[in-house]
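S.K.: The following comprises the amino acid sequence and a computationally predicted model.
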Amino acid sequence: MTQTAPHSIDEYIAAAPAEVQAVLQAVRETIRSAAPTAVERISYRIPTFFLDGALVYFAAFKRHIGLYPPVRDAALRAELARYAGPKGNLRFPLAEPMPFDLIRRVVQARVRESSKAARPGPH
């Protein structure tokens, strides 16, 4: 990846190795379809979707695509255990088929968590 900070998700994807760009674009589209009203921006130098705060971040690494932040849904966390990285982040190996349905469900869980957090009153 480039050392200069990208200004958009398009720039971030364009700076990735050619063989990873299509995967990053597909992850972006998966997130977009699961959270169509979320706003795209760069935060911490990586692609981020915002909806009542930071909803989900994703990033390309040498051997995996990282997805942040952690999901609180216990049932989903159990399903994600094989992808769990330190601090609750997720690591999807580039050498395996990308689990887009699982990514979609993570984003949907984050949307639910975000909407609960944004509502006033007890949760």
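M.R.: Thanks, I have the structure now. Numbering: from 1, shown residues only.
S.K.: for the nearest residue to Ile13 once chain neighbours are set aside, what are its contacts?
M.R.: Of all residues not flanking Ile13 in the chain, Leu24 sits nearest, at 4.7 Å (CB to CB, 6 or more residues apart in numbering). (C-beta placed from N, C-alpha, C; glycine too.) If you count contacts by CB atoms under 8 Å, 6 or more residues apart in numbering, Leu24 has them with 12-13, 16, 47, 58, 60, 65.
S.K.: CA atoms only: put the strand or helix carrying Ile103 into CSV for me.
M.R.: Element membership of Ile103 [criterion: DSSP states H and E] is helix 100-118. Coordinates of the C-alpha atoms in helix 100-118 are reproduced here as CSV (Å, rounded to 0.1, in the frame of the first residue of the first chain):
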residue,chain,number,x,y,z
PHE,A,100,-19.1,-12.0,1.6
ASP,A,101,-22.3,-13.2,3.2
LEU,A,102,-20.7,-13.3,6.6
ILE,A,103,-19.3,-9.8,6.0
ARG,A,104,-22.8,-8.6,5.1
ARG,A,105,-24.2,-10.1,8.3
VAL,A,106,-21.4,-8.5,10.3
VAL,A,107,-22.3,-5.1,8.8
GLN,A,108,-26.1,-5.7,9.5
ALA,A,109,-25.3,-6.5,13.1
ARG,A,110,-23.2,-3.3,13.4
VAL,A,111,-26.1,-1.3,11.9
ARG,A,112,-28.4,-2.8,14.6
GLU,A,113,-25.9,-2.0,17.3
SER,A,114,-25.4,1.5,16.0
SER,A,115,-29.1,2.2,15.8
LYS,A,116,-29.5,1.0,19.4
ALA,A,117,-26.7,3.2,20.6
ALA,A,118,-28.1,6.2,18.8
